[in-house]
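> Build me a model:
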Amino acid sequence: MDHIAVVDRENEKESLKLMEVMNRVLGKKRELKAAVPDTVVEFKATLKATLKWYHVSDAEGKLVAREVTRQPLTEDLLNHEDCYIRDQGGLKICAWKGKNDNAREWKGALSQALNFIKAK
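Below is the predicted model of the structure:
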């Protein structure tokens, strides 16, 4: 065949010759089995259970990262003077920068996030 042809599923009967060629090459269409739900729902529940937020601050004179909450994190828990690390069970690590934090805390949060990644 030296051309491309398209068979629209809604109009298969209008393309009988093409359907014959496809059936010869690919075999007859089989019935699809019913969809089986995967474990995404369970996985999401597990992910939420392992989600942790760490507050990174140098307010005490040294840089400290402390777990502040698991799930959910609400905006009232965030201090825009500091940074936070979100650990998604080792699958993903994110650093959040407060709009008024200092460079030392931000660098410390990134460093701590890298340490979390290495530890996981």
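
> Strands of this protein, start to end?
51-57, 64-69, 83-88, 93-97 (DSSP state E).

> List the contacts of Asp8.
14-15 (Cβ atoms under 8 Å, 6 or more residues apart in numbering). All C-beta spots, glycine's among them, are computed from the backbone N, C-alpha and C.

> meant to ask about Leu18
Contacts of Leu18 by Cβ under 8 Å, 6+ apart are 5, 7.

> Number the residues from 29 up from this point.
Yep, numbering from 29; the last one is Leu46 now.

> That one and Asn39: what is the separation?
Noted for Leu46: a distance of 11 Å to Asn39, by Cβ to Cβ, to the nearest Å.

> Could you check how many residues crowd around the closest residue to Gln140 other than its chain neighbours?
Spatial nearest neighbour of Gln140, chain neighbours left out: Ala93 (4.8 Å); criterion: Cβ to Cβ, 6 or more residues apart in numbering. Look at Ala93: counted by other Cβ atoms under 10 Å, it has 20 neighbours.

> List the contacts of Ala93.
Per Cβ under 8 Å, 6+ apart, neighbours of Ala93: 82-84, 113, 136-137, 140.

> I'd like those residues written out as JSON lines, with distance to Lys125 and pLDDT added.
Shown next, in JSON lines, are the contacts of Ala93 (distance: Cβ to Cβ, whole Å; pLDDT from 0 to 100):
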{"residue": "Tyr82", "distance to Lys125": "14", "pLDDT": "85"}
{"residue": "His83", "distance to Lys125": "13", "pLDDT": "83"}
{"residue": "Val84", "distance to Lys125": "10", "pLDDT": "83"}
{"residue": "Ile113", "distance to Lys125": "11", "pLDDT": "83"}
{"residue": "Gly136", "distance to Lys125": "11", "pLDDT": "78"}
{"residue": "Ala137", "distance to Lys125": "7", "pLDDT": "77"}
{"residue": "Gln140", "distance to Lys125": "13", "pLDDT": "75"}
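
> Just the closest of those residues to Ala62, please.
Ile113 (42.4 Å; Cβ to Cβ).

> what about the closest one, how many residues close to it?
23.

> who are the neighbours in contact with it?
81-82, 84, 93, 121-124, 137, 140-141, 144.

> Equivalent analysis for Val84, please.
Taking Cβ under 8 Å, 6+ apart, one finds 91-93, 110-113, 133, 136-137, 140 in contact with Val84.
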